[in-house]
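S.K.: The following block contains a protein sequence and its predicted model.
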Amino acid sequence: MKLAFEGVLKPPVGKRQSWGVGVPILGVFSQGRTRADALKAIVSAVREAAGDRKLKVSSQLLDGTTFALFATDSQRIMSFMLAQQRSSVGLTVRAASKKLGSNSPNTFGRYESGWAQASLEKLVQLVGSVSDQRFFLIKLV
């Protein structure tokens, strides 16, 4: 069993000559001239956005418009996801910690930096504190 993030592919439409590709929960998007190029581009874009060019990331096409993005270092990619979720809503680490109900200003930061590993229950709590989404979807493929 592997941890994967769902990604989406958008085929060229009209005058647009490239495939759009993204992993919404990571807030990372790219494009490529072909579907294969787009999948290579998103892998590179995730490494770049995570600030770790050595991060081993791969993708697997699930159907015509959906793919799975895998990372061998699940702790690193989860930390990156938390940072992206927090920054996408404009919160500081201190503000995110406060929204968690913590008295310590660094609570969220410990998980975001990878110093602490989150259980599934804690991960849902962390993402919930910085997201306006109603639920955190996990599915087996």
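M.R.: Nice, thanks for sending it over.
S.K.: Tell me where this protein is predicted with low confidence.
M.R.: 1, 134-141 (pLDDT under 70).
S.K.: can you give me the helices in it?
M.R.: Taking DSSP state H as the test, the helices found in the chain are 35-50, 74-88, 93-99, 107-112, 120-130.
S.K.: Pick the most buried one from those.
M.R.: Across the helices of the chain, averaging neighbours per residue (mean count of other CB atoms under 10 Å) puts helix 107-112 on top, at a mean of 22. In this view, the C-beta of every residue, glycine as well, is placed from N, C-alpha and C.
S.K.: what's the offset of that helix from the middle of its chain?
M.R.: From the chain centre to the centre of helix 107-112 is a distance of 16 Å (CA atoms, centre = their mean, to the nearest Å).
S.K.: For it, name the packing helices and strands.
M.R.: Judged by 3 or more CB pairs under 8 Å, 6 or more residues apart in numbering; DSSP states H and E, the packing partners of helix 107-112 are helix 74-88, helix 93-99, helix 120-130.
S.K.: which helices and strands sit right next to the shortest one?
M.R.: What it means is helix 93-99. Other elements packing on helix 93-99 under the criterion 3+ CB pairs under 8 Å, 6+ apart are helix 107-112, helix 120-130.
S.K.: do the same with the last one
M.R.: Packing contacts for helix 120-130, counted by 3+ CB pairs under 8 Å, 6+ apart, involve helix 74-88, helix 93-99, helix 107-112.
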